[in-house]
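Enquirer: Structure, please.
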Amino acid sequence: MKCIRNIVLMSALVLTLACAFASVCWADVALDLQQCKNAIAAAEYPEAIGYGQDVIKARPGSDEAAQATFLIALAYKGEKQYEQAIQELTQAISDYPSFAAKARLGVADCCIEQNQLSDAESLLKRALELTADDDAARKEMMYRLAVVCRRLKQWDDAQAACKSIVADYPGEAGRVESEQATIALYQMKDSVQSMAKDDSLRKEMIYKLALAFRSRQLWDDALELYNCAAGDYVDEAAPCCQEMADTYVAKGDIENAIALCLETATKCAGDPRCAGVLFKLAEIQCLHGKPADGVATLDKIYADYPDSRALALLRKGQVQANFLRKPEDAIATLQKVISDYGSDPSAKAALRSIAHITLYCLKKADEARALLEQLIEKYPDYNTAEVQYCLGYCSYIQEDWSSAKSKFEDIFDNYPVEQIHVVAKYRIADCCTKLGDTEGARKTLEELITSFPTSPRAELARKQLDAMNAGSK
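Expert: Numbers count the residues shown, from 1 in each chain. Predicted coordinates:
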């Protein structure tokens, strides 16, 4: 009996150890799969391939191995090793029938990325014939087919593919409508590019189409159209450059935006419109970490383009204040705008900027107030909500809470500018608190939250109300 009991105990121990070992193995496989996905997301493709291969070795023939095979293919595709990717996907089609539809879609994607559009079209049509029980994959195949037909300029086939998607998947109507609009855009682009250069509508249509492509974040198509306009119409080189620079910036390609502006400025040197290119260059330089270069560009405008000198000085003063944090230098530059170009519209903006710098950078409330009052007197059209807010802020930083509150309240009676209303309302609540009017502050904060619920100030107002409510308990 004792021997039998020992045998039973040993068997139980072996079984327990086996189960524990299996659990560890399963945990390792799951971890490797996750690390494979993480590596792909981080564009660490060789590491992803290694993790995927470990999964296949540990669990050959399993669903996990199928997933790993597909992920390995994605990693090869990420490295643009398309033959290897297709080889992995073809293996998945053969070995893992449940992943066949997804793998066929992957093969088509490899062809699309290599611009092998006719091959992609054939593959997708065949894949659709073979895929009946995987709605998610089938739907994506139909979308890819619409895109491929569009890129092949098979407009009717592209629209037919879209109609098929809606017929099979009514819930996709919104996405399909967007794709149909994109197809129409490309069709118009093809028509415009084939129009005669001397057609009076062509240039205008190019700009409108480029803007439409930009609105859909189809940057390369927009750039192609602007290049077309710049190449076909010599007088459009400078305006096109500015639009193209904006497109590069939106695309995140700052280096090319700057290079384009520099190249165009050299080619168009002396053309008054080239000043616009240099202003665009200075803007990009300042907004992307090169304010000193921006100032140098503005100095070049001042030296080379007399008609733009006032604006160049104005922008330089604003860069000195806002980017270089040199308020005294900024004021000196802006005062030169006023003294040398008093009749230019830039003089008005320069006086406003000096008032802002004096108030917000130097915190000199009395001087700022005098400048703001001078601005209103000399330029009545500048008596705006923003200027009135600045007057209120002068009193605010002097801790004259009653005067500040009164000026902020005047904004609501005379200036229907919602953005200023939000900030003014917040300041009014603060003034009420400083004056000991807790209920007035509470009421104002509640009004702010009700009137402007999505404003960042509304979130601050909620926190203040919570603190007030907690303090009153």
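Enquirer: dump the residue contacts of P239.
Expert: For P239, the contact set (CB atoms under 8 Å, 6 or more residues apart in numbering) comprises 273, 276. Where you see a C-beta, it was placed from the backbone N, CA and C, and this is true even at glycine.
Enquirer: ok, 10 Å please
Expert: Listed by CB atoms under 10 Å, 6 or more residues apart in numbering, the contact set of P239 reads 207, 226, 229-230, 233, 273, 276-277.
Enquirer: what does C286 give?
Expert: By CB under 10 Å, 6+ apart, C286 lies in contact with 292-295, 297-298, 315, 318-319, 322-324.
Enquirer: Tell me how many other residues crowd E283.
Expert: Counted with other CB atoms under 10 Å, the neighbours of E283 add up to 20.
Enquirer: Helix or strand for it, just tell me which one.
Expert: helix 274-287 (DSSP states H and E).
Enquirer: One more: D299?
Expert: Counting by DSSP H and E, D299 is part of helix 291-304.
Enquirer: Ok, V147 next?
Expert: Judged by DSSP H and E, V147 forms part of helix 135-151.
Enquirer: Tell me the helices and strands packed up against that helix.
Expert: Helix 135-151 sits against helix 100-113, helix 117-130, helix 155-168, helix 173-193, with contacts defined as 3 or more CB pairs under 10 Å, 6 or more residues apart in numbering; DSSP states H and E.
Enquirer: Name the stretch among the ones you listed that sits most buried.
Expert: helix 100-113 (a mean of 22; mean count of other CB atoms under 10 Å).
Enquirer: about what we covered before: check the contacts of P239 for burial and list the buried ones.
Expert: 207, 226, 229-230, 276-277 (16 or more other CB atoms under 10 Å).
Enquirer: so who does the residue nearest the centre of the chain touch?
Expert: Residue closest to the average C-alpha location in the chain (CA atoms, centre = their mean): A250, at 7.0 Å. Applying CB under 10 Å, 6+ apart to A250 gives the contacts 214, 217, 219, 222, 257.
Enquirer: mind checking the SS state of it?
Expert: Under DSSP: H, G, I helix; E, B strand; the rest coil, the three-state class of A250 is helix.
Enquirer: and L435, backbone torsions?
Expert: For L435, the backbone dihedrals (degrees, to the nearest 10) come out as phi -80, psi 0.
Enquirer: tally of neighbours for the nearest residue to it once chain neighbours are set aside?
Expert: Spatial nearest neighbour of L435, excluding adjacent residues (CB to CB, 6 or more residues apart in numbering): W401 at 5.1 Å. A total of 19 residues lie near W401 under the criterion other CB under 10 Å.
Enquirer: do you know how far W401 is from K139?
Expert: Per CB to CB, to the nearest Å, W401 is found 62 Å from K139.
Enquirer: Least confident secondary structure element in this protein?
Expert: The weakest-scoring helix or strand in the chain, judged by mean pLDDT, DSSP states H and E, is helix 2-41 (a mean of 61).
Enquirer: What's the first helix or strand after that helix?
Expert: By DSSP H and E, the next helix or strand past helix 2-41 is helix 45-58.
Enquirer: for the contacts of P239, which one is nearest A368?
Expert: G276 (32.5 Å; CB to CB).
Enquirer: which residues of the protein score low on pLDDT?
Expert: For the chain, the stretches with pLDDT under 70 are 1-27, 471-473.
Enquirer: show me where the stretch 301-450 of the chain has helices.
Expert: With DSSP state H, counting those that start in this stretch, the ranges of helices along the stretch 301-450 of the chain come out as 309-322, 327-340, 345-356, 365-378, 385-397, 401-414, 418-434, 438-451.
Enquirer: Let me have the ones you listed in JSON lines, adding distance to L145 as columns.
Expert: Output for the helices of the stretch 301-450 of the chain, formatted as JSON lines (distance: least, CB to CB, whole Å):
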{"stretch": "helix 309-322", "distance to L145": "50"}
{"stretch": "helix 327-340", "distance to L145": "58"}
{"stretch": "helix 345-356", "distance to L145": "54"}
{"stretch": "helix 365-378", "distance to L145": "62"}
{"stretch": "helix 385-397", "distance to L145": "53"}
{"stretch": "helix 401-414", "distance to L145": "57"}
{"stretch": "helix 418-434", "distance to L145": "46"}
{"stretch": "helix 438-451", "distance to L145": "49"}
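Enquirer: Quick check: which of those is nearest to R150?
Expert: Closest to R150 of the helices of the stretch 301-450 of the chain, according to CB to CB: helix 418-434, at 40.8 Å.
Enquirer: what inclination does the closest one have with respect to helix 438-451?
Expert: 160 degrees (axes from the mean of the first three to the mean of the last three CA atoms, to 10 degrees).
Enquirer: tilt between helix 418-434 and helix 385-397?
Expert: Using the same axes, to 10 degrees: helix 418-434 against helix 385-397 is 20 degrees.
Enquirer: for helix 418-434, packing partners?
Expert: Counting by 3+ CB pairs under 10 Å, 6+ apart, helix 418-434 packs on helix 385-397, helix 401-414, helix 438-451, helix 456-471.
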